[in-house]
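Q: Quick one: sequence plus predicted model below, questions after.
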Amino acid sequence: MLPGSDVPVERWMHAVAEGGQGHYSRARAELATLTRSSAADAVVSLAWSTQASFLRQLGWHSVAAGFDGKALALVGMEYESGGEDLLVREAQCDALTGLAADALGCGRLALGWRLLDRCGVHLSRGAEGEMWRQRVRCHWVSAELSLAGADFAAAQRHADIAAEISDAAGSVRHRIKSDLLRSASMTGKADSDSAARLATDVLDRCDQYGLIPLKWAAAMLLSGVSGDSGAETVRLECEALIRARGGRFRN
């Protein structure tokens, strides 16, 4: 178990880390405490957005949209120069990017792109180096929307940029997910060997760092690309572990 904190924003970060390892019950409990607390609106908004991201990971995109909507309602979506602190703008971007991912999962690609455009307004007006995590997430969802539209070249561009930003920020988890999307973008090539090699590497790194939800996704991708029965076994093992830790997949 990761060490806790009494500082609201640190409690939110703790929940994010727990969720990254698939400890959904513990993460949800932490986030629920924040959403019922007197913490700043931006922190509560981040907690709602994170709840939504856990739902999306397990296939509950339409339910997640309600949580992301709550997150956005707390902080609004308009950019006001000089009128917001950084945490508010980060929360706005998280909610907008989350809603874009929800729209993607519900088959509303055009809406997803419009929401990312709105998020881009906040990102473009921020200082250089600010909001690296929000920039990565925006590129992730851009890559996913591009994949859904069968634009594999655009998907790879966005995934590559996300990987570069993650590297510069020193975030292992963000780099691994970026590489997972890079692998997915390579599936549009006639030769799937490069996609399979990178997916295998992602799977190994997920195992090294205990990133069970990403390991599940990497195993599913590798199984689909290569037909590797071993990857399918890993996928099923990850699903069982995620359920044991409080995750509930949408059937």
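A: Thanks, I have it.
Q: Now do the helices in the chain.
A: Secondary structure of the chain (DSSP state H): helices at 8-20, 24-35, 41-57, 61-75, 86-105, 109-125, 132-148, 152-169, 172-186, 193-209, 212-226, 229-244.
Q: okay, the angle between the third one and helix 61-75?
A: Angle, helix 41-57 to helix 61-75, by axes from the mean of the first three to the mean of the last three C-alpha atoms, to 10 degrees: 170 degrees.
Q: Buried residues of helix 41-57, list them for me.
A: When neighbours are counted by 16 or more other C-beta atoms under 10 Å, the buried residues of helix 41-57 are found to be 42-57. C-betas here are computed from N, CA, C, even on glycine.
Q: repeat for the first one
A: Residues of helix 8-20 classed as buried by neighbour count (16+ other C-beta under 10 Å): Pro8, Val9, Arg11, Trp12, Met13, His14, Ala15, Val16, Glu18, Gly19, Gly20.
Q: swap in the longest one?
A: Using 16+ other C-beta under 10 Å as the test for burial, helix 86-105 gives 87-105.
Q: can you list the buried residues of helix 8-20 in TSV and add pLDDT and distance to Gly188?
A: As requested, the buried residues of helix 8-20 are exported to TSV (pLDDT from 0 to 100; distance: C-beta to C-beta, whole Å):
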residue	pLDDT	distance to Gly188
Pro8	94	43
Val9	94	39
Arg11	95	41
Trp12	96	36
Met13	96	35
His14	95	38
Ala15	97	35
Val16	97	31
Glu18	97	34
Gly19	97	30
Gly20	97	28
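Q: Using TSV, lay out those together with distance to Ile165.
A: Listed next are those as TSV, based on distance: C-beta to C-beta, whole Å:
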residue	distance to Ile165
Pro8	26
Val9	21
Arg11	26
Trp12	21
Met13	19
His14	23
Ala15	23
Val16	17
Glu18	24
Gly19	21
Gly20	18
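Q: close enough to count as contact, Asp102 and Trp60?
A: No. In this structure, Asp102 is not within contact of Trp60 by C-beta atoms under 8 Å, at 9.4 Å.
Q: Enumerate every residue touching the residue lying closest to Asp94 once chain neighbours are set aside.
A: Of all residues not flanking Asp94 in the chain, Ser49 sits nearest, at 4.2 Å (C-beta to C-beta, 6 or more residues apart in numbering). Contacts here follow C-beta atoms under 8 Å, 6 or more residues apart in numbering; on that basis Ser49 touches Phe67, Asp68, Ala71, Ala91, Asp94, Ala95, Gly98.
Q: Val121 and Trp48, how far apart?
A: Distance, Val121 to Trp48, by C-beta to C-beta, to the nearest Å: 21 Å.
Q: swap that for Trp12, please
A: 10 Å.
Q: Quickly list what's touching both of the two.
A: With C-beta under 8 Å, 6+ apart, Trp12 and Trp48 have common neighbours Leu31.
Q: Okay, now the unreliable bits of the protein?
A: Scanning the chain for pLDDT under 70 picks out 1-4, 79-84.
Q: Can you report how many residues neighbour Asp6?
A: Under the neighbour criterion other C-beta atoms under 10 Å, Asp6 is assigned a count of 6.
Q: Next up, the contacts around it.
A: Residues in contact with Asp6 (C-beta under 8 Å, 6+ apart): none are found.
Q: How about the backbone phi and psi for it?
A: Main-chain torsions, Asp6, degrees, to the nearest 10: phi -100, psi -10.
Q: farthest pair in the contacts of Ser49?
A: Of all pairs drawn from these, the widest gap by C-beta to C-beta lies between Phe67 and Ala91 and measures 13.0 Å.
Q: would you list the contacts of Ser49 in TSV and tack on distance to Ser185?
A: Putting the contacts of Ser49 into TSV (distance: C-beta to C-beta, whole Å) gives the following:
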residue	distance to Ser185
Phe67	28
Asp68	25
Ala71	28
Ala91	29
Asp94	23
Ala95	26
Gly98	21
